[in-house]
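1. structure, please.
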Amino acid sequence: MADELISGINRAVAFCGTQAELAKRVSDITNTRVAHETVSHWSLIGYVPGRYIPAVAELTGIPVTDLMRKTPRKTRSDKGIRRSNGAGQPATDQH
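-> Got it, this is the predicted structure:
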């Protein structure tokens, strides 16, 4: 039950001991450089970016769904952003 209250990324950090150690291990698995600052950012946002989820899940045994973003991203229309036709005019649907 307590694990459900802690985000998957924070459980992954606890599993490895430190953010730096998690970064090192993910770097080794993915053959890319992952800095401890990157893992710190993941911790702040509360999830692991998609391209690193398989490595973190493999390393820690934490289910993929626990490492994923919990809320959908906002789309352009959710943010009130309107597309234009490039001339400063709203685009029209042309079917």
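2. contacts for the longest helix along the chain next, please.
-> Longest helix in the chain by number of residues (criterion: DSSP state H): helix 19-30. Helix 19-30 has contacts (Cβ atoms under 8 Å, 6 or more residues apart in numbering) with 12-13, 15-16, 33-36, 38-40, 43, 51-52, 55-56, 58-59. Yep, even glycine has a C-beta here, placed from its N, CA and C like the rest.
3. which members of those occur in helices, if any?
-> Using DSSP H, the members of those that fall in helices are 12-13, 15-16, 36, 38-40, 43, 55-56, 58-59.
4. these: which two are farthest apart?
-> The largest separation in the ones in helices among the contacts of helix 19-30, counting by Cβ to Cβ, is between S40 and E58 at 21.2 Å.
5. circling back: between helix 53-60 and the longest helix of the chain, find me the angle.
-> Angle, helix 19-30 to helix 53-60, by axes from the mean of the first three to the mean of the last three Cα atoms, to 10 degrees: 110 degrees.
6. coming back round to it: filter the ones in helices among the contacts of helix 19-30 down to the buried ones.
-> A12, V13, C16, T38, V39, S43, A55, V56, L59 (16 or more other Cβ atoms under 10 Å).
7. look up the closest residue to the fourth one, ignoring the ones flanking it.
-> The reference is to T38. Closest residue to T38 apart from its sequence neighbours, by Cβ to Cβ, 6 or more residues apart in numbering: A23 at 6.4 Å.
8. check contacts around the residue sitting nearest the centre point of the chain.
-> Nearest to the mean C-alpha position of the chain, by Cα atoms, centre = their mean, lies P49 at 2.6 Å. The contact partners of P49, taken as Cβ under 8 Å, 6+ apart, are W42.
9. and the pLDDT at it?
-> P49 carries a pLDDT value of 96.
10. tell me the pLDDT of the residue nearest to T38.
-> At A23, pLDDT is 98.
11. then L67?
-> 97.
12. and for the one 3 residues further on?
-> According to the prediction, K70 has pLDDT 83.
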